[in-house]
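[1] Give the three-dimensional model of this entry:
(4 chains)
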2 protein chains.
Amino acid sequence: MAQNTRERLLEAARGLFAERGYHNATVRDIAARAHTNLASINYYFRSKDDLYREVLSHSFRKTIETEEPGEEATTREDRLRAFIRSLVPKSVEDGNGAQHMRLVAWEMLSPTGALDQIEETEIKPHLDRAKDAVRPFLAPDTSPADLGATALWLVGQCLIFRGLAERMRLGLMPVPTDGDHAERLVALICDLALKGLSSMPL
Amino acid sequence: MAQNTRERLLEAARGLFAERGYHNATVRDIAARAHTNLASINYYFRSKDDLYREVLSHSFRKTIETEEPGEEATTREDRLRAFIRSLVPKSVEDGNGAQHMRLVAWEMLSPTGALDQIEETEIKPHLDRAKDAVRPFLAPDTSPADLGATALWLVGQCLIFRGLAERMRLGLMPVPTDGDHAERLVALICDLALKGLSSMPL
DNA sequence: GGGTGTTTCAAACGGACGTTCGAGGATCAT
DNA sequence: ATGATCCTCGAACGTCCGTTTGAAACACCC
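    Numbering: from 1, shown residues only, chains lettered A, B, ... in the order given. You can find the predicted model right below:
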């Protein structure tokens, strides 16, 4: 409640957009969660659309800023581990990272067009990091298509747990939100991915 | 146009629900795509909600029916390959399988509650198949949690390509919809997953 | 052909949505 | 105090949504 109205609106909108998607987060709910009036949204942002766009780019900026530098891992194995460790907790734990992931997931399922603007500048770098993580394991003459596919293969393992695990509590896994569990997941994925990649013919 | 109105409505609804999700597929659009009147939806199904529920269970039933028996693979490697081959094309190619995948993806992001009914009977079997596929590679005393996590790890690799690949055409991969590409993806995933799993200590 | 049950259709309903408007309050320099 | 500027608020606007209604069109049996 301490921040100004604009920031409260951004925060409330981010939460609701992440939970329900663009169309099902109503301006009335957003205003209510921000403890302000309906019309403030059109006052501070010109429209719901512009608010959404701002939430999206704001979320991307903040996520990239909080990215850890990776402490200069030297071996390819450590760089791969660092990549996995930077992705899995965002998917498993709650918080800003999870909200960000959900925003992206919504945009993947039904693009509003807002992502087009930041696709080149915000998403491509993340994919490039994934490519860099797997490249040292592949033969130098690996085709760009196979490199991209392998990068996606790696990303998929890290992202699956959000979206599936939180819904299927059929004795599938223990409480999937605490930090320890995220650590165990990171270790498991590192293990499996590393062994798969390391045995690729160079 | 040859089918009766009810079936045309189901088909149109399935397509629109898959494309836009429950809330953004309007009954007017569904009726228009089915070449019929608005009110037919409430005539054949009591409400939009009931139509959605029927689309969902119908989709699950059809997907399970068309599942190939797997021709009795004997080795654990063949069984794993069969599982991957049963999942990847559904994610990469267009058609009924892709629509089904999108319906499930929507339900994962924003559960309407309709999935609760079929979760136990329709989703759990699929997860069990994944567990069966990875179990022969793991130590007999592997905890259920690790077994479940490994199963999800496998599923994640197969599902990532839908949702990401189709949006990122930044030179990431060649045309991702033709059959040959799906085959190459299957081969790649089999390779990586098999090598990762095979090197697990038994 | 008349009666019966089923299917289609245009029109309207109430409600929820995003947006706009103008009056009023708050804050500050002059 | 006075005016200017920024912010807040309740009320209303037009639009689109899911649903209902009642009558017309159709199919079928005796």
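[2] Can I get the longest helix belonging to chain A as CSV, trimmed to CA atoms?
    Determined from DSSP state H, the single longest helix within chain A is helix A:179-198. C-alpha atoms of helix A:179-198 as CSV (Å, rounded to 0.1, in the frame of the first residue of the first chain):
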residue,chain,number,x,y,z
GLY,A,179,13.3,-24.7,-2.1
ASP,A,180,14.6,-28.1,-1.3
HIS,A,181,12.4,-29.8,-3.9
ALA,A,182,13.6,-27.3,-6.5
GLU,A,183,17.2,-28.2,-5.6
ARG,A,184,16.5,-31.9,-6.0
LEU,A,185,14.9,-31.3,-9.3
VAL,A,186,17.8,-29.3,-10.5
ALA,A,187,20.2,-32.1,-9.5
LEU,A,188,18.0,-34.7,-11.3
ILE,A,189,17.8,-32.7,-14.5
CYS,A,190,21.5,-31.9,-14.5
ASP,A,191,22.2,-35.6,-14.1
LEU,A,192,20.0,-36.8,-16.9
ALA,A,193,20.8,-34.0,-19.3
LEU,A,194,24.5,-34.1,-18.7
LYS,A,195,24.7,-37.8,-19.3
GLY,A,196,22.6,-37.5,-22.4
LEU,A,197,24.7,-34.7,-23.9
SER,A,198,28.1,-36.0,-22.8
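[3] Now do the buried residues in that helix.
    By 16 or more other C-beta atoms under 10 Å in any protein chain shown, the buried positions in helix A:179-198 come out as A:181-182, A:184-186, A:188-197. C-beta here means a position set from N, CA and C on the backbone, and glycine is covered the same way.
[4] Does DNA strand C have contacts with the helix or strand harbouring A:Leu115?
    A:Leu115 is part of helix A:114-118, with elements assigned from DSSP states H and E. No. Contact of helix A:114-118 with DNA strand C is not found when judged by C-beta under 7 Å from any atom of the strand; the minimum separation is 13.2 Å.
[5] average model confidence for that helix?
    Per-residue pLDDT over helix A:114-118 has a mean of 73.
[6] All the helices of chain A, in order from the start?
    Remark: helices assigned in chain A by DSSP H are A:5-20, A:27-33, A:40-44, A:48-65, A:76-92, A:96-109, A:114-118, A:124-134, A:144-159, A:161-164, A:179-198.
[7] Is DNA strand C within reach of the fourth one?
    Yes. Where contact is defined by C-beta under 7 Å from any atom of the strand, part of helix A:48-65 touches DNA strand C, namely A:48-49.
[8] The first one now?
    No. Helix A:5-20 stays clear of DNA strand C (C-beta under 7 Å from any atom of the strand), getting no nearer than 9.8 Å.
[9] and the angle from that helix to helix B:96-109?
    On the basis of axes from the mean of the first three to the mean of the last three C-alpha atoms, to 10 degrees, helix A:5-20 is oriented at 130 degrees to helix B:96-109.
[10] what do you get for the last one?
    Direction vectors for helix A:179-198 and helix B:96-109, defined by the same axes, to 10 degrees, enclose an angle of 150 degrees.
[11] rewinding a little: can you spell out which helices and strands pack onto the longest helix of chain A?
    If contacts are counted by 3 or more C-beta pairs under 8 Å, 6 or more residues apart in numbering or on different chains; DSSP states H and E, helix A:179-198 sits against helix A:76-92, helix A:144-159, helix B:144-159, helix B:179-198.
[12] quick one: that helix to helix B:124-134, angle?
    Orientation of helix A:179-198 against helix B:124-134 (the same axes, to 10 degrees) gives an angle of 50 degrees.
[13] that older thread, and of the buried residues of helix A:179-198, the nearest to DNA strand C?
    Nearest to DNA strand C out of these is A:Ala182 (C-beta to the nearest atom of the strand; 33.8 Å).
[14] Check the burial of A:Pro89 by counting its neighbours.
    19 (other C-beta atoms under 10 Å in any protein chain shown).
[15] I figured it was touching A:Gly97, is that so?
    Yes. The pair A:Pro89 / A:Gly97 is scored as a contact, 6.8 Å apart, by C-beta atoms under 8 Å.
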